[in-house]
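>>> Model the structure of this input:
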Amino acid sequence: MSKKRNLVGLYMAPALLLCIPLVGNLMSSEVNWSGYDFLIAAVMLWGTVGLIHLIVSRVTKPILRIMICCLALVALALIWAELAVGIFGTPLAGS
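Numbers count the residues shown, from 1 in each chain. Here you go, the predicted structure:
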C-alpha cells in the first residue's frame with residue numbers, strides 16, 4: 001500500500017506545481033499562460049516524473065540512480081529555462 005501511495009504522490013506533484021501558474025493566471029494580469037503553455041509544462045513535468053519513476057524502478061545501484069535522476073532534473077530545468085526566457089538563443093525559444 002505504501003508503494004502505491006508514493007506513486008500517487010509522485011504523479012500528483014506536477015499537478016500541484018501547475019496550480020501555481022494557474023492561480024497566478026487567475027489573480028494577476030502579469031502571469032499570462034495560454035492553454036498551450038500549460039500543455040507543454042504538463043508534458044514536460046509528467047514526462048520527467050515518468051522518467052524518474054522508470055529510473056528508480058530499473059536502476060539498482062543507488063549512486064547511479066541518484067546521478068541519472070539529477071541529470072533528468074537538470075535537463076528539465078535547462079529546457080524549461082530555454083522555453084521561458086531563451087537563455088541559449090535557440091529556435092526552440094522563438095529567438
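>>> what does stretch 30-48 contact?
Here stretch 30-48 makes contact (C-beta atoms under 8 Å, 6 or more residues apart in numbering) with 11, 13-14, 17-18, 21-22, 24-25, 72-73, 76, 79-80, 83. Just so you know, the C-beta spots here come from the backbone N, C-alpha and C atoms, and that holds for glycine as well.
>>> Just the buried subset of these, please.
Buried subset of the contacts of stretch 30-48 (neighbour count, 16 or more other C-beta atoms under 10 Å): 14, 18, 25, 72, 76, 79, 83.
>>> In what element of secondary structure is the last one found?
Just to be clear, that refers to Leu83. helix 62-85 (DSSP states H and E).
>>> who does that helix touch, helix- and strand-wise?
Helices and strands touching helix 62-85, as assessed by 3 or more C-beta pairs under 8 Å, 6 or more residues apart in numbering; DSSP states H and E, comprise helix 35-58.
>>> May I have the helix it packs on as PDB, with CA atoms only?
Listed next in PDB are the C-alpha coordinates belonging to helix 35-58 (Å, rounded to 0.1, in the frame of the first residue of the first chain):
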ATOM      1  CA  GLY A  35      -3.500  26.600 -22.800                       C
ATOM      2  CA  TYR A  36      -0.600  25.600 -24.900                       C
ATOM      3  CA  ASP A  37       1.800  26.700 -22.200                       C
ATOM      4  CA  PHE A  38       0.000  24.600 -19.700                       C
ATOM      5  CA  LEU A  39       0.100  21.600 -22.100                       C
ATOM      6  CA  ILE A  40       3.800  21.900 -22.700                       C
ATOM      7  CA  ALA A  41       4.500  22.300 -19.000                       C
ATOM      8  CA  ALA A  42       2.300  19.300 -18.200                       C
ATOM      9  CA  VAL A  43       4.000  17.100 -20.800                       C
ATOM     10  CA  MET A  44       7.500  18.100 -19.500                       C
ATOM     11  CA  LEU A  45       6.700  17.600 -15.800                       C
ATOM     12  CA  TRP A  46       4.800  14.300 -16.200                       C
ATOM     13  CA  GLY A  47       7.400  13.100 -18.700                       C
ATOM     14  CA  THR A  48      10.200  13.800 -16.200                       C
ATOM     15  CA  VAL A  49       8.200  12.200 -13.400                       C
ATOM     16  CA  GLY A  50       7.700   9.100 -15.600                       C
ATOM     17  CA  LEU A  51      11.400   9.000 -16.500                       C
ATOM     18  CA  ILE A  52      12.300   9.300 -12.800                       C
ATOM     19  CA  HIS A  53       9.900   6.500 -11.900                       C
ATOM     20  CA  LEU A  54      11.400   4.300 -14.600                       C
ATOM     21  CA  ILE A  55      14.900   5.100 -13.400                       C
ATOM     22  CA  VAL A  56      14.100   4.300  -9.800                       C
ATOM     23  CA  SER A  57      12.400   1.000 -10.700                       C
ATOM     24  CA  ARG A  58      15.100  -0.200 -13.100                       C
END
